[in-house]
Structure formats: structure tokens, C-alpha cells
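Enquirer: Sharing a model that was predicted from the sequence below.
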Amino acid sequence: MTNKSWKDYEFFVGRIQQSLLNAEGISHIKNIVVEIDKKITDRNGIERQFDVYWEFQLGGQIYKSVIECKDYASTITIDKIDAFIGKTNDIPGLRLIYATKTGYQSGAKIKAEKYKIDLLIVREGNDEDWTSADGIPLLKLININIKAISPPRIISFNPFVDMKWVESQPNFNLDEVSHAFSRTLNNELFINDIEKGERISLYELQNILPKKIENMQYGRGSFSESFQDALLENKSGNLKIKLNSYTLEYQYNKPLNVSSTIDYSNELLGIVQNYATGDKKMIFKDGIIHNMSDE
């Protein structure tokens, strides 16, 4: 195994541990930062290297933890645990943790229990992790199908005013009113059908066009409507003109079908399992921790 693969595994374990610390909610005690390739000098003056290290302070005491990471294809032997104990013997106050991808031989497990060393299996996820302990499949994929339906869009609106009404209004300037209406947004320009007691904006008219037009087809179309007693007016009603009818052109687009797949396995950072208790956690890249032992 190359030094690069060992280093990659150290960073992987460090990232997993940082996620666990953040999820435990103890980061408010101190800004806990997980360090990789930490050098510590023992009481004999010998500098020792540790793959993963972090510390925090609580109640005036400093708590230090180290993880020995071994990315082996075979299980960890007692000799590896002995070497870890020897390396840490002259550095008091350390919490000792061992991490590997495969597992531990029985002698290694017994020795680790005697010296209170936590044994972890830290690895990438696989298909078997998406099944609970009682054999129930866990949610791994979500297929989303969205049908986006948009209302018709009015692309031109042509009102026909009652000229007799215009002529009956003193000091009424049709050009000024028409110019003011041309600068009014479609959600602020209203058709007030006094006969029916209905007042809708041009924006709302777009949404109800499919109800007004029987068997409305997709694409470009036109529509007209006449009134007995109606006004075209702004939102406040202080600007208005009597409306006989209108014609409009619209664009009605087909629904947009969008499909996407959420694969939660792509968001899974890794798996942490306590070798002694069997407790297993799924660690996700966004910091979410799923305790599989609760299944």
C-alpha cells in the first residue's frame, strides 16, 4: 500500500470524526478542529506522530484524543495494538482510538478492551448499508417527476372604448389616459365588469383564459369579449374609461415535464461502526448523522 493511500485514509477518518464532533453539539465548548498528522513529544523527549488528533477543554481539563488509522486489506492483529500502546505509553491523558476498514482479530480485540482502546471500522458506504438490521430496505433513491403547467401569457391587449362616454366626460383627454394606461403593469390594470360585479386584473385574466376559451389549444391564439357596462381602470380607480370590448392575443405553452433523481448514496460520506458494540452510523456530507442502530 502506498503512502498516498494511507494519507487519503487519514484525511477520510479525520473528516468523519469532525462530522461526528459537530453533530454531538460539543463544539460550543471550544472550537474543536481535527488535525491530521499531529506530532506530540512524549515525556522522554521523543516526537511521536499520530494520524488524527483533536482536543477540547471542559471544566478546566483538557481532553485529548488520537486515532491510529490503518487501511489494510486484512484484519488488525494484536501486534498492531501493541505498537499503538507502545507509542502512547509515555504520553499520559490520551484517549486512544483505532480505525480500520476491515476488522480486528480476537487477540487485538481482547488487548484493546484491556487498555480501553476504542476499536472502529471506518469505511466508505456500500449497497448493504442501505438495509436496516431487520432486513428492511432504506430509502436510497427518489425519482421526482414534475409537470409544470403555466397559464397562457397575454402578448397583446387591445381595448375598444365607448366614444359616446368619452365625449360626455368634461375635460377628458383620451390621449393622456391612453398614455397612462400604456405605462401600467398588467397586475395594476383592471377590467371592472359592473354588470356582473366582477373586477379582475389583466394578470388574473391570463389565469382564467382557459375557462373562458373552450377547448383551448396550445400555441398562439386570440380571444375577444364584449360588455354591457364595464370600465377599464387602474388599481385605485382614479383613472378609468368605459370599455365596450377588447381583443387579445396569447401564447399558451405546453406543460414542461421535468424528471430528476436524488441518489442519497452520493451524499454519503462514510460509515462508522463501533467494533465492540456493533453500533453503526451513516455520516453524510452535509453533516447529518443517521444512527443505524435505532432501526
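Expert: Happy to help now that I have it.

Enquirer: Can you pull the domain assignment for this structure?
Expert: What the record gives for the chain is the domain set 3-131+265-294, 150-254, from automatic domain parsing.

Enquirer: any idea which of the ones you listed is most buried?
Expert: Per-residue neighbour counts averaged over each of the domains of the chain give the maximum for domain 3-131+265-294, namely a mean of 16 (mean count of other C-beta atoms under 10 Å). Every C-beta, even on glycine, is put in place using the N, C-alpha and C of the backbone.

Enquirer: pLDDT of that domain, averaged?
Expert: Domain 3-131+265-294 comes out with an average pLDDT of 91.

Enquirer: what does stretch 186-196 give?
Expert: Averaging pLDDT residue by residue across stretch 186-196 gives 96.

Enquirer: CA atoms of it as CSV?
Expert: These are the backbone C-alpha positions of stretch 186-196, laid out as CSV (Å, rounded to 0.1, in the frame of the first residue of the first chain):
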residue,chain,number,x,y,z
ASN,A,186,-50.8,44.1,-16.0
ASN,A,187,-51.4,43.5,-12.3
GLU,A,188,-52.4,47.1,-11.9
LEU,A,189,-54.8,47.4,-14.9
PHE,A,190,-58.3,46.2,-14.2
ILE,A,191,-61.4,45.3,-16.1
ASN,A,192,-64.4,46.3,-13.9
ASP,A,193,-67.5,44.5,-15.2
ILE,A,194,-70.1,46.5,-13.4
GLU,A,195,-73.0,44.4,-14.7
LYS,A,196,-71.6,41.2,-13.4
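
Enquirer: can you list contacts of it?
Expert: Residues lying outside stretch 186-196 but in contact with it, judged by C-beta atoms under 8 Å, 6 or more residues apart in numbering, are 154, 157, 181, 198-206, 227-235, 237, 240, 243, 246.

Enquirer: measure residue 234 to residue 168 for me?
Expert: Residue 234 sits 21 Å away from residue 168, going by C-beta to C-beta, to the nearest Å.

Enquirer: Show me the contacts of stretch 186-196 that map onto helices.
Expert: Where the contacts of stretch 186-196 overlap with helices, as defined by DSSP state H, the overlap consists of 181, 202, 203, 204, 205, 206.

Enquirer: which non-adjacent residue is nearest the first one?
Expert: With C-beta to C-beta, 6 or more residues apart in numbering as the measure, residue 189 is the residue that lies nearest to residue 181, at 6.5 Å, once sequence neighbours are left out.

Enquirer: Name all residues that make contact with residue 44.
Expert: Under the criterion of C-beta under 8 Å, 6+ apart, the contact partners of residue 44 comprise residue 90.

Enquirer: between the ones in helices among the contacts of stretch 186-196, which is nearest residue 48?
Expert: The shortest distance between residue 48 and any of those, using C-beta to C-beta, involves residue 203 and amounts to 71.9 Å.

Enquirer: Find the nearest non-adjacent residue to the closest one, please.
Expert: In space, and not counting its chain neighbours, residue 203 is closest to residue 187: 4.0 Å by C-beta to C-beta, 6+ apart.

Enquirer: what's the answer for residue 49, then?
Expert: Once flanking residues are discounted, residue 49 sits nearest to residue 39: 5.8 Å by C-beta to C-beta, 6+ apart.
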